[in-house]
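# Here's a sequence, model it:
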Amino acid sequence: MTVLPGPAVPHDAGMTLTTSSQTAAGAGVAAVDLDGVVKRFGAVTAVDGISLSIRPGEVVALLGPNGAGKTTTVDMLLGLLRPDAGRVEVYGRPPHEAVALGLVSAVMQSGGLLKDYTVGETVRLIAVLFGKSRAAVDEALERAGLTEIAGRPVGKCSGGQQQRLRFAMALLPDPELLILDEPTTGMDVAGRHDFWTAIRDDARRGRTVIFATHYLEEADAYADRVVFVRRGRVVADGTAAEVKALASGRTVRATLPGAEAATLERIDGVDRAEVRGDTIFLHGNDTDPIARYLLTRTEARDLEITSRNLEDAFLTLTADEEKK
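Numbers count the residues shown, from 1 in each chain. Presented below is the predicted three-dimensional model:
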């Protein structure tokens, strides 16, 4: 689904879309401001007091296990849900007003595409709704990497190509805030690289981006800031390096054919052991005794000690949620 704002506000309404965007972005207000936000569905509290402020031009990864409250939070940012308590503002405005003014676009994972239309026809249709020129259509197709397949029916496009089409549609209103849900699902490696290159270029121009992804390496590589959510609360917020530091300890990786995780976990200092083929991964706070044991008591080779990565931090900080 691609969530798009309504048509631009007429000039005689007192403010054009461009003026509202410039005013919002240039007045020093936060792009997104959530203060003590709570959202309940019956007896279930989906969002439990989230407070979060995002500056214009930031690229923020919103991460958490299923049921952590990410989707509910995004729905409130899009004005699709209202909080039961707390405040939600987008560029200093209520979310539904920001969407109507063209400040916000969102790219979701599915829906919203007519399979019998071509890629180019789909983008031109959206452009007509917003009074955009053919040049804007061409630019959106190019930025999404779709120029060469503009004549292809949507139904003949791969999942990754359809996701890039949703991205092109979301770009047409030239939003100040772009919300992306699993944006690179179905894309190949080259497509993912081109997509994130375009996103970082947009951020340098001042566009704010919030994205959710299961590709944690994307959050590590491309986000200015990583926010972990668990049980409707923010449990970590900072740069990828800062968040990774919260998961203390290191990992010893080595080649050891025939190893068993249960045996490895009995090594002094090992908190958790993984076996992937002939490669073992031993996680612990003090890796010196682990490395010493492997080098002196086993046939392990190719030993390497690394700091915890973002996946380790994710597992550590959302462990309680994952077990439920």
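# make it CA atoms for all contacts and neighbour counts henceforth
Fine.
# And the helices in the protein?
17-26, 70-77, 95-100, 119-129, 134-143, 159-171, 189-204, 216-222, 240-246, 261-264, 288-297, 310-317, 319-323 (DSSP state H).
# what's the pLDDT at the residue lying closest to Arg204 once chain neighbours are set aside?
Nearest non-adjacent residue to Arg204, counting by C-alpha to C-alpha, 6 or more residues apart in numbering: Gly57, 6.8 Å away. At Gly57, the model reports a pLDDT of 94.
# what's the neighbour count on Gly57?
Neighbour count for Gly57, taken as other C-alpha atoms under 10 Å: 20.
# show me what contacts it?
Ala203, Arg204, Arg205, Gly206, Arg207, Thr208, Val209 (C-alpha atoms under 8 Å, 6 or more residues apart in numbering).
# repeat that for 6 Å
Shown in contact with Gly57 (C-alpha atoms under 6 Å, 6 or more residues apart in numbering): Ala203, Gly206, Arg207, Thr208.
# Scan those residues and report the most crowded one.
Thr208 (26 neighbours).
# That residue is in contact with Pro56, isn't it?
Yes. Checked against C-alpha atoms under 6 Å, the pair Thr208 and Pro56 is within contact range at 5.3 Å.
# excluding its backbone neighbours, what's nearest Glu299?
Leu256 (6.6 Å).
# again, but for Ala291
Closest to Ala291 by C-alpha to C-alpha, 6+ apart is Val252, at 7.0 Å.
# Could you give the bridge partners of the one you found?
Leu282, Ile305 (DSSP bridges).
# and it, how many neighbours?
Neighbours around Val252, by other C-alpha under 10 Å: 22.
# Distance of it relative to Leu77?
When distance is defined by C-alpha to C-alpha, to the nearest Å, Val252 is 41 Å away from Leu77.
# same question, Lys115
29 Å.
# who's more crowded, these two?
Taking neighbours as other C-alpha under 10 Å, Lys115 and Leu77 compare with Leu77 leading, 25 against 14.
# contacting residues around that one?
Pro95.
# now the end-to-end length of stretch 46-60.
Across stretch 46-60, first to last residue, C-alpha to C-alpha, it's 21 Å.
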